[in-house]
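>>> generate a structure from the sequence data that follows.
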Amino acid sequence: TVNSGGSLAVNGLTLVGSGETYTSDHPIILVNDGWVSLSYTTLSNHTNTGNGGGIQQLGGSVELTGSLSLNRCSASRGGGIYVTGGNTIIRDYVSFAYCKATTEGGALWVGDGTVDIETAGTMQGFIFEEGETKRYGGVIYQKGGTISCLAAIKPLNGFTNVDGAGVYITGGSFTMNGGTITGCQTTDGQGGAVFVAGTAAGSTGTFTINFGSIGSTALVYESEWNKAKNGAGIYVGSYGTAQLYGGSIFKNVASGSGGGVFIADSGTAIINGTTIGDSYSTDYGNSSGENGGGVYVQATNSVSYGTLSMTNGLIGFNTATGSGGGVYLEGGTCTLNGGQIRGNKATENGGGVWMNAGASKPARIDFRQSAPGLCITENHAESGSGGGVWNETPTIDPFLRSGAVITTADLNTFISGNMAGTPGISNDYNTAP
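Alright, predicted model coming up:
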């Protein structure tokens, strides 16, 4: 135990638990305050029914460096590390192996404080599942504080009913500055790689990707793919925000909707540089067993819906077994300041975008580029209609130009070069302004 004014420096040691299960908060190292530095050290074989199998940090400063391993550490929350305050630095070749939790955060649980993860090692975590009880955060669970991550995140194996098989964020901010998130699979859960939400308006969780990838290039190894019922790449829940400023989200597979990203009611996704899918081939794109191969935007009614905006980036070469190969816009306004929706495929309607402009959940696309340019192109509704955009209520015009009426000339510049399988229906869109 390290308290205020105390310090602990460990270099080159192996700290092994007894193998017994402790029935109260009893981590290998407890940090109430002070300073702790661990380097080239192993923490292993410890089970704590409380919080933090390897380290429980309530304050102070903890630095984990060198070739350090947290191995086979288990707890109720935060199998490897449990943090509720202070500053934590994890860098060099620190790895989490076979770390497990019974409720939340197989490798890491963060309630407050600042955690900087710059390791080239792998963060591997697992959640014990029991019956039909929902669990959260297969590798990382975040309730508050700030996490900056540059690591390889991968669960030990797949789950049945875990939301956020890789990362679960319900408060605070998580920034991905590199690394990968792969092999995150939950059969009945939401959010394969990442689940981000808040608890109320003004109390939000935020996920930001600047660099790195959510997805695997291992085409023939399905165990490396991220999978979920909805939002196999990212599930943006109510009051959650996903800021997609770089990197790529690809080869994620949803059995339901939103192969790349699912945006629930009151959730927000901002795309400004990220590629959702691929630039050339559907082999590397995201896919859904139902609707929204790239992105699914949920709406309950005319005032409760998810929000999608794109300034730069690509939603490309995604596939939907149902409708909306690129985007399925159930309601609300999709704001396009730039970027492209290109090369997507839907078996049914809306190769690029499926939407419904009807009164109950009025969906709109607002083109806000400074000058008209090709935006929705090369999409294909293979057996249906609306290769570029399909509007389920064609008597209502769904298109806007910076919040105002759009001209046919501008619309034909923004949406062009798409294909539909049903003869007699416009390849590009089925509603004229």
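
>>> any idea how far Tyr245 is from the residue sitting nearest the centre point of the chain?
What sits nearest the mean C-alpha location of the chain, by Cα atoms, centre = their mean, is Ile234, with 2.6 Å. Separation of Ile234 from Tyr245 (Cβ to Cβ, to the nearest Å): 13 Å. C-beta: built from backbone N, CA, C; applies to glycine.

>>> wait, what's in contact with the residue nearest to the centre of the chain?
191, 193-196, 207, 214, 242, 249, 260-262, 269 (Cβ atoms under 8 Å, 6 or more residues apart in numbering).

>>> by neighbours, which of those wins?
Highest neighbour count within the contacts of Ile234, by other Cβ atoms under 10 Å: Gly260, with 37 neighbours.

>>> quick one: pLDDT of Gly19?
As predicted, Gly19 sits at a pLDDT of 67.

>>> one more: Ser323?
pLDDT, Ser323: 98.

>>> now for the protein, the helix or strand with the poorest mean pLDDT.
Of all helical and strand segments in the chain, the minimum by mean pLDDT, DSSP states H and E falls on strand 21-22, at a mean of 66.

>>> after it, which helix or strand is next?
Downstream of strand 21-22, the first helix or strand assigned by DSSP states H and E is strand 29-31.

>>> now that next one, how far from the chain's geometric center?
Offset of strand 29-31 from its chain centre (Cα atoms, centre = their mean, to the nearest Å): 31 Å.

>>> centre of the chain to whatever helix or strand comes next after that strand, how far?
Counting by DSSP H and E, the next helix or strand C-terminal to strand 29-31 is strand 35-39. On the basis of Cα atoms, centre = their mean, strand 35-39 is displaced by 31 Å from the centre of the chain it belongs to.

>>> for strand 35-39, what is the average pLDDT?
Mean pLDDT, strand 35-39: 97.

>>> contacts for that strand?
Strand 35-39 is contacted from outside by 2, 6-12, 29, 60-66, 68, using Cβ under 8 Å, 6+ apart.

>>> in ChimeraX, select just the buried ones from the residues you listed.
Burial among the contacts of strand 35-39 is assessed by 16 or more other Cβ atoms under 10 Å; the matching ChimeraX selection reads:
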select :2,10,29,60,61,62,63,64,65,68
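
>>> what segments of the stretch 301-433 of the chain are strands?
With DSSP state E, counting those that start in this stretch as the criterion, the stretch 301-433 of the chain has strands at 307-316, 319-320, 327-329, 332-336, 340-342, 345-346, 353-355, 363-367, 376-377, 380-381, 389-391, 399-401, 404-405, 419-420.

>>> direction included, what does the third one pair up with?
Put plainly, it is strand 327-329. strand 295-297 (parallel), strand 353-355 (parallel) (DSSP bridges).

>>> residues touching Leu8, list them.
Residues in contact with Leu8 (Cβ under 8 Å, 6+ apart) are Val2, Ile29, Gly34, Trp35, Val36, Ser37.

>>> quick check: the residue lying closest to the third one once chain neighbours are set aside vs Tyr239, distance?
Right, Gly34. Spatial nearest neighbour of Gly34, excluding adjacent residues (Cβ to Cβ, 6 or more residues apart in numbering): Gly6 at 4.0 Å. Going from Gly6 to Tyr239 by Cβ to Cβ gives 39 Å.
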